[in-house]
Structures are given as structure tokens and as C-alpha cells.
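Novice: please find the sequence and the predicted model below.
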Amino acid sequence: MIYLDNAASTLQKPKRVAEAVVRALGTLGNSARGAHSGAMDAARTIYGAREKLAALLGCRRADHAVFTANVTQALNIALYGLLDGGGHAVATDWSHNSSLRPLYRLREERGVAVDFVPADARGRLDYEAFDRLITPKTKLVVLTHASNLTGDLMDVRRVADVAHARGALVVLDAAQTAGARRVKMDELGADVLCFTGHKGLYGPQGTGGLCVREGVEIRPLLVGGTGVQTYSPAQPEQYPTRLEAGTLNGHGIAGLSAAVDWLNEVGVETIRAHEAALTRRFYEGARAIDGVTVYGDFSGERAPIVALNLRGVGSGEVADALAEDYGVAVRAGAHCAPRLHEALGTREQGAVRFSFSYFNTAGEIDAALDALRELAGR
């Protein structure tokens, strides 16, 4: 199988990730639930992972790196915890359902007003609309660092400067960029950065989290057991405990910690450059095929994603043929990005998404292009 669905989840991981998970399964107890060696090993492993992720993602305090099961949970925690009193939020047509559905629910349940910065028929955002829509009444600006559909990259710093000038906080969905390129929340101007472990960070599924700027107070979404302050009826106030009710996925976090070690050794820039070369190679080949439409802006920096369609053929049909006839694994459909499909005019057809990782090769790219050419010629 040629696996080109890395925007959904990286399948090929560094060997050390699986080794760390297996080792943790036999050695880790429950962090903060005892003083014996198993509990202490778990606590050390988890805190070590916090420190590594905080350094990687530009979070100035390791105790403000909070673990969750995935980026969806992280975004729910951030949005529900910062929009609990209503108010106004601004998001974009790039938003994934991980942001959209919480925002829609908050609009229905808490009267939160939500505006969206539109994308045009090529998927490009109207940056001037941020200046119009972000007002002194805006509490939160919810941004997507890179579109999971087109791979286009947002100018986060530009928008964050506008948001902060008007008193709003910035929540950044870095699902498609964390690990795949340099992502520093302090440099980008993000007040909360949400990430997942199983994509560009090359960690296990079931891991993710949010990095919170010091001074940002997020109301807990879940409350419960923490192993500390047992007799308090309220969730502990201090980070990260305030947002981490229940037992953490220590085994998965051990694997994620090993993945970050690998990222640091290989170098994020080395990974970015390799993935960018593969993306450009595929894009140049795909756009030259008669009947292929490629979506997105390829004039600058981007995530390693190429989305396309074959004229007159459903995206699901193309993806099935690629998998069954050529052994090429891709993603078809709507990609949890309904607003961007509306903008692109692909609501009915969906799109076929190819996404690349450090473990893909130029030979795999060429084989996928050969398969696409044959399908286009049928």
C-alpha cells in the first residue's frame, strides 16, 4: 500500500514510538495516584512530555501544556471554556467541524454570536473581512493554521495582531501543522494552540492537547478525579490539573514523547522540506493531467496536502479505484470542512485528498501520479 492519507493520521511512525508505548504498558501506573514507582514513572513520563511539547510549540510554561485525547477535545475545552458567558466569536470558512460544531452549539445554547470570514472559489480567505468582523465586542477569534482540505496556510500573525488590538483572544487549530513545520504559539500570536498527536507529530492516536498562554483562564469542560485536593468540591484551579479530569493516556503520551524526541533529532525543518518537495512534485504532475482540477493556492508555503477532482467523477469513486486497483490510499468526501466545500463549489462531488509524510518517497509520488493518469484516461 502507498499510504497518502497522512492528513487524517500518519500510519508510518518512527519505530521508537511503538517501543515506547509497549514499554509504558508494562511499567507505568497512574500519574498523581500514588507515590510508588509505577505512579512516579507515569508522572515523570507525562511531565517530560509536557516539557518537550511546550518547547516544540512555543509555550512558555510546561504546566500550561494540557493533554487531551485529540484536537477535537482540545478545541471543545478552549471554546466552551472561553465563551461560557456568550459574546462574539469570529471563525473562517476553513474551519473544521472540530471548531464549527462547538461554535454552532454555543450559538444555540448560550447565544454566542458567530461570524465567518469567507473564502473565495479558489479557497482563499478574505483577510480584509477580519478587520471588519473583529470588533471590541469580539471575545474569541478561532483560526485554522492550515486547511485540512486544500493545505493552504493562514497568516496567523496578521490576524492575531488585529484580534489583540481589539481585546480578543486567538485560538489556533494546529492539527495539520504541529510537527510538520515550525509552529511557535508565541511567535504566531496564539493565546491557545490546539494540537493532535497522531498526525504531523507522529505519535499514537488518542493523544493531543492544548497549550495555553499564561494569564488565559479557561473554565474546565470536565471536572472529576485529579488525584489532588480530594476534599475540595471544585476542580483544582492550577494548570494543567484544572483541564485534566480523569486518568490521562499515559501509554499514548509515552509514545508521543518518543515521537517528539525523533522530531527534534531529525529536525522539523528537514521534515518540512522533504514533505514540501513531495507536495510540489505531486502538484506539478497532477495539474498537468487532462480533466484534473486541483484546489488551493500553491504560490507559497503550505501544508503537505493536494486536493483534486477528476472531471465528472465522484471523489469516492476515484478513491476506491486508487485503493482497489493501484494500492494507493487517499481520503475522499467532505473532510469535515463543509464551509470550504461550499466555497469551492464541491459540495456534491467532494474532493480527493492526497497528503504526504516524511516517510513517503518520490517513487511513491510517481506511482500515485501514474495511477491518476490511467484513471483520467479511462
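Specialist: Here it is on my side, so go on.
Novice: dump the residue contacts of the closest residue to P240 other than its chain neighbours.
Specialist: For P240, ignoring the flanking residues on the chain, the nearest one in space by CB to CB, 6 or more residues apart in numbering is V66 at 4.4 Å. To be clear about C-beta, it is placed using only N, CA and C from the backbone, and glycine gets the same treatment. When contacts are counted by CB atoms under 8 Å, 6 or more residues apart in numbering, V66 touches 74, 77, 209-212, 239-240, 243-244.
Novice: okay but N97 is in contact with L340, surely?
Specialist: No. Judged on CB atoms under 8 Å, N97 makes no contact with L340 at a distance of 11.1 Å.
Novice: looking at those two, which is more packed in?
Specialist: Counting neighbours by other CB atoms under 10 Å for N97 and for L340 shows that L340 has the greater number, 29 against 17.
Novice: alpha carbons of the helix or strand where the more buried one lies, as PDB, please.
Specialist: Counting by DSSP states H and E, the element that carries L340 is helix 338-344. This file holds the C-alpha atoms of helix 338-344, laid out as PDB (Å, rounded to 0.1, in the frame of the first residue of the first chain):
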ATOM      1  CA  PRO A 338     -18.400  21.900   4.900                       C
ATOM      2  CA  ARG A 339     -18.000  25.600   4.500                       C
ATOM      3  CA  LEU A 340     -14.900  25.400   2.400                       C
ATOM      4  CA  HIS A 341     -16.500  22.800   0.100                       C
ATOM      5  CA  GLU A 342     -19.400  25.300  -0.300                       C
ATOM      6  CA  ALA A 343     -16.900  28.000  -1.300                       C
ATOM      7  CA  LEU A 344     -15.100  25.700  -3.700                       C
END
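Novice: now tell me what touches that helix from outside.
Specialist: 92-95, 97, 100, 116, 118-123, 147, 149-150, 295, 334-335, 347, 350-351.
Novice: let's see that with 6 Å instead.
Specialist: For helix 338-344, contacts defined as CB atoms under 6 Å, 6 or more residues apart in numbering pick out 93-94, 119, 123, 149, 295, 334, 347.
Novice: ok so, going back, the residue nearest to P240 sits in which helix or strand?
Specialist: Going by DSSP H and E, V66 is part of strand 65-68.
Novice: partners of that strand in the sheet?
Specialist: Paired neighbours of strand 65-68 in the sheet (DSSP bridges): strand 208-212 (antiparallel).
Novice: contacts for the strand it pairs with, please.
Specialist: Outside strand 208-212, the residues touching it (CB under 6 Å, 6+ apart) are 57, 59, 64-68, 70-71, 74, 78, 185, 192-197.
Novice: where do the helices sit along the chain?
Specialist: Listed in chain order, the helices of the chain (DSSP state H) span 15-27, 37-57, 71-82, 97-110, 127-133, 156-165, 185-188, 250-266, 268-287, 315-326, 338-344, 362-376.
Novice: closest to G224 out of those helices?
Specialist: Relative to G224, the nearest member of the helices of the chain by CB to CB is helix 71-82, separated by 13.7 Å.
Novice: how far off centre is that closest one?
Specialist: Mean C-alpha position of helix 71-82 versus that of the full chain (CA atoms, centre = their mean, to the nearest Å) differs by 13 Å.
Novice: over to stretch 237-251?
Specialist: For stretch 237-251, the separation from the chain centroid amounts to 20 Å (computed by CA atoms, centre = their mean).
Novice: show me what counts as buried in it.
Specialist: 239-245, 248-251 (16 or more other CB atoms under 10 Å).
Novice: restricted to strands, list the residues you listed.
Specialist: Judged by DSSP state E, the buried residues of stretch 237-251 include no members of strands.
Novice: from these, pick the one nearest E275.
Specialist: For the buried residues of stretch 237-251, the nearest to E275 is N249 (26.8 Å; CB to CB).
Novice: just checking, the closest one touches G206?
Specialist: Yes. Counting by CB atoms under 6 Å, G206 is a contact partner of N249 at 5.2 Å.
Novice: and the contacts of V66 as TSV, adding pLDDT and distance to A18?
Specialist: Output for the contacts of V66, formatted as TSV (pLDDT from 0 to 100; distance: CB to CB, whole Å):
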residue	pLDDT	distance to A18
A74	98	24
I77	98	28
G209	98	21
L210	98	26
C211	98	26
V212	98	30
Y239	95	30
P240	96	26
L243	97	28
E244	95	25
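Novice: just the residues you listed now: which is nearest E301?
Specialist: Closest to E301, out of all of these and judged by CB to CB, is C211, at 21.6 Å.
Novice: any idea how far the closest one is from E269?
Specialist: C211 sits 20 Å away from E269, going by CB to CB, to the nearest Å.
Novice: who's more crowded, those two?
Specialist: Using other CB under 10 Å, the more surrounded residue of C211 and E269 is C211, with 30 against 10.
Novice: now the helix or strand bottoming out on mean pLDDT in the chain, how far from the centre of its chain.
Specialist: Of the helices and strands making up the chain, the lowest-confidence element is helix 37-57, at a mean of 94, by mean pLDDT, DSSP states H and E. Centre-to-centre, helix 37-57 and its host chain are 21 Å apart (CA atoms, centre = their mean).
Novice: could I get the buried residue list for stretch 309-317?
Specialist: Buried-residue list, stretch 309-317, by 16+ other CB under 10 Å: 309-310, 313-315.
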